[in-house]
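Q: sequence-free structure coming up:
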């Protein structure tokens, strides 16, 4: 088994026949239109870009539709898992513990995931991670269907999903430029956000209906089936032979080299810091939503699923707007305004008790969140050279991995000590304050550099 795994990961090196430049040219030829018409990088940049301009590339088209199916299953799983935990235990704290178990592995393995993304074929890594995730989804479905599920089972499977995610995210995030081009990277990232949030609309709504009609186990089973779609489209892609970079340093030093690169990039460090704060105190609202839905709004599974989907509607709207006009917008300013919008909408959502108004306010939360997170991702990736992208996105994953367990523990613990609405309000105020501080720091930095 180990030898087969190594053979699958081994890159198809053609150092004697294919230079790195030739590999880049081959990528441009093979990742383009199905009919062979492929705009060059400069030509593509000169063309008028539409909302779906990155879909001109055949590989990205395949990825787009495969991801839409797979992520719908993922959001069904997330929705059903939170409901299952709260139904079994009634514990807000355990909702946070499960969230921690699913994201803590990112702290341990994401740097190695970034190194793997820069040294091995990204498609191969993603196929392996998706295959393991599929197996885990079927296992969870089986133990729930058999009626033997216990809270520790959910925690363990969440941890294993987290390990897989630590190796998956850096390769997935840095794979966009191989499927498209540097000119279309921002559009591809925005469209990927639209996939995530389109699935975020459909997945929870379907999960609520499935839980009500067929039971929670069937949600997990459908999630397992959804991985087949993304695995299939990855195998259908036409990609150039991978050229493994020369290794002049140890794997450990190479894995850490992303930190050395970022040390001199002040603006990216500020963005990553704000990304962490918003993730801990703002984005962590998701972990207490089952409690908010049942105890505050007093709704059933179906309405809970619709509530979660409303946040995805707002995020999808924002993602499509970014895909359409993102190249003309002031990305830094808009990213900060996104956090402020999220904060205001989250406070209003917390004090509201009307279900239908809650749907509109939660959509505003999703809109503000996607404006920040998508633009933050774009700003970082467009400022990073190709050979470092995997390692830098490994650091992005590390920050992502740190903010989720801390945020889940913060939200779960504070909700247990105080209450859910007050927890949301405190988190929103911290996000708004951090944004104003970040804006002030960068404004002073820009003024100093202007002098």
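A: In hand now; what should we look at? Please read these numbers as outputs of a predicted model, since none were measured by experiment.
Q: so residue 298, which of the three states?
A: What DSSP: H, G, I helix; E, B strand; the rest coil gives for residue 298 is coil.
Q: Can you list the low-confidence ranges for the stretch 251-400 of the chain?
A: 251-258, 326-327, 386-387 (pLDDT under 70).
Q: can you give me the helices for it?
A: 251-263, 266-281, 289-291, 301-325, 331-351, 355-382, 389-417 (DSSP state H, counting those that start in this stretch).
Q: Report all helices and strands that the second one contacts.
A: Using 3 or more C-beta pairs under 8 Å, 6 or more residues apart in numbering; DSSP states H and E as the contact definition, the elements that helix 266-281 packs against are helix 251-263, helix 331-351, helix 355-382, helix 389-417, helix 420-450. C-betas here are computed from N, CA, C, even on glycine.
Q: do the longest one as well
A: In this structure, helix 389-417 packs against helix 92-103, helix 105-119, helix 151-174, helix 251-263, helix 266-281, helix 355-382, helix 420-450, with contacts taken as 3+ C-beta pairs under 8 Å, 6+ apart.
Q: Nearest to residue 83, out of those helices?
A: Of all the helices and strands packed on helix 389-417, it is helix 92-103 that lies closest to residue 83, at 10.0 Å by C-beta to C-beta.
Q: Switch the helices of the stretch 251-400 of the chain over to JSON lines; also include mean neighbour count.
A: Output for the helices of the stretch 251-400 of the chain, formatted as JSON lines (neighbours: other C-beta atoms under 10 Å):
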{"stretch": "helix 251-263", "mean neighbour count": "15"}
{"stretch": "helix 266-281", "mean neighbour count": "20"}
{"stretch": "helix 289-291", "mean neighbour count": "23"}
{"stretch": "helix 301-325", "mean neighbour count": "23"}
{"stretch": "helix 331-351", "mean neighbour count": "21"}
{"stretch": "helix 355-382", "mean neighbour count": "22"}
{"stretch": "helix 389-417", "mean neighbour count": "23"}
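Q: Switch the ones you listed over to a markdown table; also include distance to residue 119.
A: Listed next are those as a markdown table, based on distance: least, C-beta to C-beta, whole Å:
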| stretch | distance to residue 119 |
| --- | --- |
| helix 251-263 | 8 |
| helix 266-281 | 23 |
| helix 289-291 | 39 |
| helix 301-325 | 31 |
| helix 331-351 | 30 |
| helix 355-382 | 19 |
| helix 389-417 | 8 |
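Q: So which of those helices is nearest residue 110?
A: Of all the helices of the stretch 251-400 of the chain, helix 389-417 comes closest under C-beta to C-beta, at 3.8 Å.
Q: now the closest one and helix 266-281, what's the angle there?
A: Going by axes from the mean of the first three to the mean of the last three C-alpha atoms, to 10 degrees, helix 389-417 is angled at 30 degrees with respect to helix 266-281.
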